[in-house]
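Chemist: Here is the input, now give the coordinates:
(chains A and B, ligands or ions: 2)
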Amino acid sequence: MSTPRLLNLVAELTYRCPLRCAYCSNPLDFASVEECLGAEDWRAAFRQAAGLGALHVGLSGGEPTARRDLPEIVEAAAGAGLYAHLVTAGVGRALRILPELRARGLRSVQLSIQDVDDEGARWIAGRSHREEKLSFARRVRELGLPLVLNAVLHRRNLGRVRRFVELARELGAERLELANTQYHGFALLNRGALLPRPGQLAEAAAVVAEERARGGIEIVFVLPDLLAGRPKPCMGGWGRKTAVVRPDGLVLPCHAATSIPGLEFWSVKERGLVACWEEAPGMNAFRGEAWMRAPCAGCDQRHRDFGGCRCQAFALTGDAAVADPACALSPHHPAVLRLREEALREPSPEPRLRGPDASSSSAPGAVARSFSRQS
Amino acid sequence: MTGRRSEGSPAGGRAAAAPASPLAPEELEARLLAVLDERYHHRHPFNLRMHAGELSPEELRCWVRNRYYYQTRIPTKDSVILAKATDPAFRREWVRRLHDHDGRAPGEGGLELWLRLAEAVGLDRDEVAGLRAVLPGVRRACDAYVEFVAGHDLLESVAASLTERAAGEIMRVRIEAFRRHYPWVASEGLRYFETRTEQAPRDARFGLAFVLEHARTAEAQGRVLRALERKCEILWGLLDAVEEGSRPLRVASRVLLRDHPAAPPGGGMAVLPERAVELNATAREILELADGSRGLDGLVVEMARRRPGAEDVAGEVDAFVREMLHLGVLEHAA
Ligand code: SF4
Ligand code: SF4
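Modeler: Ligands and ions are numbered 1, 2, ... in the order given. The predicted structure is shown next:
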């Protein structure tokens, strides 16, 4: 099989971040991942990515503006011909360095908004930076950069979808991503606090439909796979379009791929991006369809959803090569239903915020075992 | 400044209802004149700018080039009307319109005079006469006129021609405006307008008398009023298309145009936030021409020159530009 063309690079520049979102997609052991790529390493990675055909690079984290050399990194991305997109929480130095980033070739910005008020933001992320974020968003628009707002939705803020849309309109965002929480890593630990209550999603969907009809802004809203009975086409397919490069240089097919034990990924620092993308055994483990078994093998949906999320399959069944249990056709789907019921039990717990200690009590493997036992 | 049909723009207003009972001829005439006063393209923003001396030479050329297509439809339309007529007296009168437009010998007539106007504003007469760069929106509007006449009876067809009642006046204003504001257009170019100041009122007198005589029932009067409205709408649509076609286009500042290994030879990618558009060589060529100095019209003209043998260059460039505007790859320069 020939290697698919890399289209999108996610550059996780650092895992440092002043916020502590309870749904953070960084790995549970983020604190032990060393930050060992310098600006020159990133420059080399960007050149190779562009050579492979990549068009976009998302400069993300953690909080990418925590890196002092971010302007150089932006320049390296633009210089390589990539469309440089900053994915930021808009806190700390972000506002101050924005003009310089633009001057160095930054093309667009995605700002995360944890909630529409301070209380909600503190509940999910430990602190609120409301005013800072709003000033940042305005500055993005003043500088003429396209602005995307991203809000991760969960039980506590799903009822505020309309206010998110209003905020996005007011700030002049051209796109609002209302991303339902993906239950990996920290979010999986916190599912008891985050999973929507029955009816919440339908209400939010109705508001989204109304707001879309009003026009003026693009609104992305996808029903979460665990509740839809349909798996999501995770990352557009494993190793098919997107490569994630971690702060330590490891090249992954998705943010959570290291949660699956036994997969060997390589580092850009040792082998260069081309080999990491084309040849690393982990990258090839679930490429294409050869790995699929029933019910995915032969299913007419497999070109569309690629069998769903491998990390979720592993987390919920202990086997990364089975159909995503979010799929109603999966024999493990009842485990998902039980997970939902269990998570909706009263009383609703407080979320455990992202932190270096979060992984100690409940590693993903433990979750996997508990579910495979039950099913 | 756009003349796109919107609430409040004359040609987009509500259709006049048929009168409840038959109108006296003077009343019908007044109603027809009211339609013209409200909806004729003398009120169109592009026409107002032309007469106020605000058009750039490029905009003026765009109008002259495209309006020529309308001129070429007129004799066709009049031939269709002649084919409907059964009264020799009517035909004797109406056939003069063919002579007016086509002349009695090569080098005469309204079409020829329009080509001289084209030359006077700096256009190449063969290029204009070849019609390859006519904007699709203009083509649709003009074709709609011929189709209207083909699909309606003699009475409505004649009623549609009554815009001539307002043409004499608009020509007089236009000649003045050209002399004052566009002195670089040689006066030889204005001869078409001059001949129309005489022909149009003469033709309108005949047409109006015919309509007043034959539209006697309330139903027929409703139809002639609607026919004239429809014609005003067509002329308005023509200027809408010209106006839109002359608005400068450029590649949006957010777009990164670049080569790409997956693109066809000579093509590339237009990269935007969250997506990219694959371009073939022609698409890239058009985007590179969209540098803020020309609009759809200029792109069509240039591509028609660069692709001498190609069919429907205008249609293809138009469709491509619309798609790129929709995707945010192109934008109108301020
Ligand atoms: S999800 Fe929250 S904690 Fe995680 S990197 Fe983003 S802003 Fe920081
Ligand atoms: S069986 Fe597999 S391929 Fe088919 S819908 Fe479910 S996850 Fe997708």
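Chemist: Name the residue of the stretch 151-300 of chain A that lies nearest to ligand 1.
Modeler: Of all residues in the stretch 151-300 of chain A, A:Val152 sits closest to ligand 1, at 7.3 Å by C-beta to the nearest ligand atom. C-beta coordinates here come from the backbone N, C-alpha and C atoms, glycine included.
Chemist: Do I have it right that that residue meets A:Ala179?
Modeler: Yes: contact criterion C-beta atoms under 8 Å: A:Val152 and A:Ala179 qualify, at 5.2 Å.
Chemist: more neighbours, those two?
Modeler: A direct count of neighbours by other C-beta atoms under 10 Å in any protein chain shown for A:Val152 and A:Ala179 places A:Val152 higher, at 24 against 16.
Chemist: Give me the phi and psi for that one.
Modeler: With angles defined as degrees, to the nearest 10, A:Val152 sits at phi -90, psi 130.
Chemist: Can you tell me how far it is from chain B?
Modeler: Distance, A:Val152 to chain B, using C-beta to the nearest C-beta, to the nearest Å: 17 Å.
Chemist: so what's that residue scoring on pLDDT?
Modeler: With respect to pLDDT, A:Val152 scores 89.
Chemist: and stretch B:94-110, average pLDDT?
Modeler: Stretch B:94-110 comes out at a mean pLDDT of 95.
Chemist: buried sites along it?
Modeler: Of all the residues in stretch B:94-110, those buried under the rule 16 or more other C-beta atoms under 10 Å in any protein chain shown are B:Trp94, B:Arg97, B:Leu98, B:Asp100, B:His101, B:Asp102, B:Gly109, B:Gly110.
Chemist: Among the residues you listed, which are located in helices?
Modeler: Among those, the members falling in helices (DSSP state H) are B:Trp94, B:Arg97, B:Leu98, B:Asp100, B:His101, B:Asp102, B:Gly110.
Chemist: of these, list those near chain A.
Modeler: Restricting these to those touching chain A (C-beta under 8 Å from any C-beta of the partner chain) yields no residues.
Chemist: Could you export those as TSV, including distance to ligand 2?
Modeler: As requested, those are arranged in TSV below (distance: C-beta to the nearest ligand atom, whole Å):
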residue	distance to ligand 2
B:Trp94	70
B:Arg97	69
B:Leu98	69
B:Asp100	71
B:His101	67
B:Asp102	68
B:Gly110	68
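Chemist: export those residues to CSV and tack on distance to B:Arg305?
Modeler: Formatted as CSV, these follow (distance: C-beta to C-beta, whole Å):
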residue, distance to B:Arg305
B:Trp94, 39
B:Arg97, 34
B:Leu98, 33
B:Asp100, 32
B:His101, 28
B:Asp102, 28
B:Gly110, 27
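Chemist: so which two of those are the farthest from each other?
Modeler: Largest separation among these by C-beta to C-beta: B:Trp94 and B:Gly110, giving 15.1 Å.
Chemist: residues contacting the nearest residue to A:Pro295 once chain neighbours are set aside?
Modeler: Leaving aside its sequence neighbours, A:Pro295 sits nearest to A:Leu329 (C-beta to C-beta, 6 or more residues apart in numbering or on different chains; 4.7 Å). Going by C-beta atoms under 8 Å, 6 or more residues apart in numbering or on different chains, A:Leu329 touches A:Pro295, A:Cys299, A:Ala323.
Chemist: For A:Gly51, which three-state class applies?
Modeler: At A:Gly51 the chain is in helix, as set by DSSP: H, G, I helix; E, B strand; the rest coil.
Chemist: Secondary structure element for the nearest residue to it once chain neighbours are set aside, which one?
Modeler: Nearest residue to A:Gly51 in three dimensions, chain neighbours excluded: A:Val274, at 7.4 Å (C-beta to C-beta, 6+ apart). Secondary structure from DSSP states H and E places A:Val274 in helix A:273-278.
Chemist: do the same with B:Leu257
Modeler: Per DSSP H and E: B:Leu257 is located in strand B:256-258.
Chemist: quick one: that strand near chain A?
Modeler: Yes: legend: contact between strand B:256-258 and chain A by C-beta under 8 Å from any C-beta is shown at B:Leu256, B:Arg258.
Chemist: contact partners of the very next helix or strand once past that strand?
Modeler: Once the chain leaves strand B:256-258, the next helix or strand it forms, by DSSP H and E, is strand B:268-272. With contact meaning C-beta under 8 Å, 6+ apart, strand B:268-272 is reached by A:55-56, A:83, B:251-252, B:254-260, B:262-263, B:276-279, B:284, B:287, B:324, B:327-329.
Chemist: mind listing what's buried in strand B:268-272?
Modeler: Buried residues in strand B:268-272, counted by 16+ other C-beta under 10 Å: B:Gly268, B:Met269, B:Ala270, B:Val271, B:Leu272.
Chemist: Ok, stretch B:113-131 next?
Modeler: B:Leu113, B:Trp114, B:Leu115, B:Arg116, B:Leu117, B:Ala118, B:Ala120, B:Val121, B:Leu123, B:Val128.
Chemist: Show me what the helix holding A:Val274 is packed up against.
Modeler: Packed against helix A:273-278 by the contact rule (3 or more C-beta pairs under 8 Å, 6 or more residues apart in numbering or on different chains; DSSP states H and E) you find helix A:39-52, strand A:242-245, strand A:251-252.
Chemist: Now for the residue nearest to A:Gly51: which residues touch it?
Modeler: Counting by C-beta under 8 Å, 6+ apart, A:Val274 touches A:Gln48, A:Gly51, A:Leu52.
Chemist: Give me the neighbour count for the second one.
Modeler: Just to be clear, that refers to A:Gly51. Quick note: A:Gly51 (other C-beta under 10 Å) scores 14 neighbours.
Chemist: again with the first one
Modeler: Using other C-beta under 10 Å as the criterion, A:Gln48 is surrounded by 20 other residues.
Chemist: And the residue lying farthest from the centre of chain A, how close does it get to A:Glu289?
Modeler: Farthest-out residue of chain A from its mean C-alpha position, per C-alpha atoms, centre = their mean: A:Gly298, at 29.1 Å. Plainly put, A:Gly298 is 10 Å away from A:Glu289 if you go by C-beta to C-beta, to the nearest Å.
Chemist: Direction included, what does the strand holding B:Leu257 pair against?
Modeler: If you go by DSSP bridges, strand B:256-258 pairs up with strand B:268-272 (antiparallel).
Chemist: Looking at A:Gln182 now. What's its pLDDT?
Modeler: For A:Gln182, pLDDT reads 81.
Chemist: what kind of secondary structure is it in?
Modeler: Applying three-state DSSP: A:Gln182 is coil.
Chemist: That concludes my questions; thank you for your assistance.
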